[in-house]
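Peer 1: sequence below, structure please.
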Amino acid sequence: MSKSIKILGTGCPKCKTLEQSVRNVVAENQIDAEISKVEDIMDIMNYGVMRTPGLVVDGKVVVSGRLPSAEEIKNFLN
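Peer 2: Numbers count the residues shown, from 1 in each chain. Predicted coordinates:
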């Protein structure tokens, strides 16, 4: 079953870095995932995230306000 991954961020450098890190981890580990970017601040706040970047996996916020390591991202997706 495909994972639903959302990157929450308004386009700041950290948000772009998180998106690239997630795409790299998904590709390297051949994870079946649909990655989307949420840039609207109201949509981001609906997740309860006040500090970006945020990472949502299958509807659950797994990290916000910091950049997780590649290993952390891999753990969130497994």
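
Peer 1: state the distance from Ser64 to Arg51.
Peer 2: Spatial separation of Ser64 from Arg51 under the definition C-beta to C-beta, to the nearest Å is 6 Å. Where C-beta positions appear, they are placed from N, C-alpha and C, glycine not excepted.

Peer 1: of those two, which one has the most company?
Peer 2: The residue with the greater number of neighbours, taking Ser64 and Arg51 and applying other C-beta atoms under 10 Å, is Ser64; the counts read 19 against 11.

Peer 1: hmm, that one is touching Ile44, no?
Peer 2: No - distance between Ser64 and Ile44: 9.2 Å, which falls outside the contact criterion (C-beta atoms under 8 Å).

Peer 1: okay, and the common contacts of those two?
Peer 2: Contact with both Ser64 and Ile44 is made by residues 8, 52, 54, according to C-beta atoms under 8 Å, 6 or more residues apart in numbering.

Peer 1: what about the helices in this structure?
Peer 2: Secondary structure of the chain by DSSP state H: the helices cover 13-28, 41-46, 70-77.

Peer 1: relative to Ser4, which of these is closest?
Peer 2: Evaluated over these, closeness to Ser4 peaks at helix 70-77, with 10.8 Å, by C-beta to C-beta.

Peer 1: any stretches of the chain with poor pLDDT?
Peer 2: Within the chain, no range satisfies pLDDT under 70.

Peer 1: can you name the residues bridging to the residue most central in space within it?
Peer 2: Nearest residue to the geometric centre of the chain (C-alpha atoms, centre = their mean): Leu55, 3.0 Å. Taking DSSP bridges, one obtains Ile7, Val63 as the residues bridged to Leu55.

Peer 1: hmm, Leu67 and it touching each other?
Peer 2: No - assessed by C-beta under 8 Å, Leu55 is found out of contact with Leu67, at 9.5 Å.

Peer 1: fine by me, thanks again.
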